[in-house]
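# Requesting a structural model of the entry that follows:
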Amino acid sequence: MKVLIIYDSQYGNTEQIAKAIGGGIGGEVKVVKVGEANVDEFASYDLIAIGSPTQGGRQTISMKSFLDKIPKGALKDKSVAAFDTRVKSTWVKLFGFAAGKIADELKKKDANLIVTAEPFYVKSTKGPLLEGELERAAAWGAKLAAAKKSSADDNAGRLDRP
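Numbers count the residues shown, from 1 in each chain. Predicted coordinates:
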């Protein structure tokens, strides 16, 4: 399975999470910062995970711009997942989070969201990550791999003939 993980990171926390997710998936995984991502490569990947820090209740401006530029057909039936980093705080819930907004954008582009968007927590805006988050990210990566395999197995059993 070929996996592409695209992230944005302001203080290095989301980058650490993205790399831990990749480690949990195993196999052929490419982890790139959003500015280095190339939409033209999407077709060669079996799974694409996209993550961003939550800023003002949404993904970073760079990530939003990248998502806006993805042509509608580029993710047609592509397996995707979304994640973010955020502060654990009641007042932050008022504005929302990046992962859900990323997932919504991917679904609008006809992507197949294979798991619920996942949050990872930082102590404060600049970090550090809360204890255990890297391990949780690796476990989520393994969950992504299993969900993708299950999805592929389900599709292999279907007959799409008249």
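
# would you list every one of the helices in the chain?
Using DSSP state H, the helices of the chain run over residues 13-25, 61-69, 98-108, 133-156.

# Any idea which of the ones you listed gets closest to Lys126?
Comparing the helices of the chain by their distance to Lys126 (C-beta to C-beta), the top pick is helix 13-25, with 8.1 Å. In short, each C-beta sits where N, CA and C put it, glycine included.

# And for the closest one, what's in contact with it?
Residues outside helix 13-25 that contact it (C-beta atoms under 8 Å, 6 or more residues apart in numbering) are 1, 3, 5, 7-9, 29, 31, 33, 47, 49, 51-53, 83-85, 120, 122, 127-129, 133-135, 137-145.

# Name the residues of that helix that come out as buried.
13-22, 24-25 (16 or more other C-beta atoms under 10 Å).

# any idea how far the biggest strand by length in the chain is from the chain center?
Longest strand in the chain by number of residues (criterion: DSSP state E): strand 79-87. Relative to the mean C-alpha coordinate of its chain, strand 79-87 is positioned 4 Å out (C-alpha atoms, centre = their mean, to the nearest Å).

# just checking, what packs against that strand?
helix 13-25, strand 47-53, helix 98-108, strand 112-113, strand 118-122, helix 133-156 (3 or more C-beta pairs under 8 Å, 6 or more residues apart in numbering; DSSP states H and E).

# mind giving me CSV with the helices of the chain and columns for distance to Asp40?
Formatted as CSV, those follow (distance: least, C-beta to C-beta, whole Å):
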stretch, distance to Asp40
helix 13-25, 21
helix 61-69, 12
helix 98-108, 17
helix 133-156, 22
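
# Could you point out which of those sits nearest Lys76?
helix 98-108 (11.3 Å).

# From the contact counts, what lies against that closest one?
strand 47-53, helix 61-69, strand 79-87, strand 112-113.

# Below-threshold pLDDT in this structure: ranges please.
The chain contains residues with pLDDT under 70 at 90-94, 152-162.

# For Leu4, give me its contacts.
Here Leu4 is in contact with 29-30, 32, 37, 41-42, 45, 47-49 (C-beta under 8 Å, 6+ apart).

# how close does it get to Lys88?
28 Å (C-beta to C-beta, to the nearest Å).

# shouldn't Gly51 be in contact with Ile5?
Yes: taking contacts as C-beta atoms under 8 Å, Gly51 lies within contact range of Ile5: 7.4 Å.
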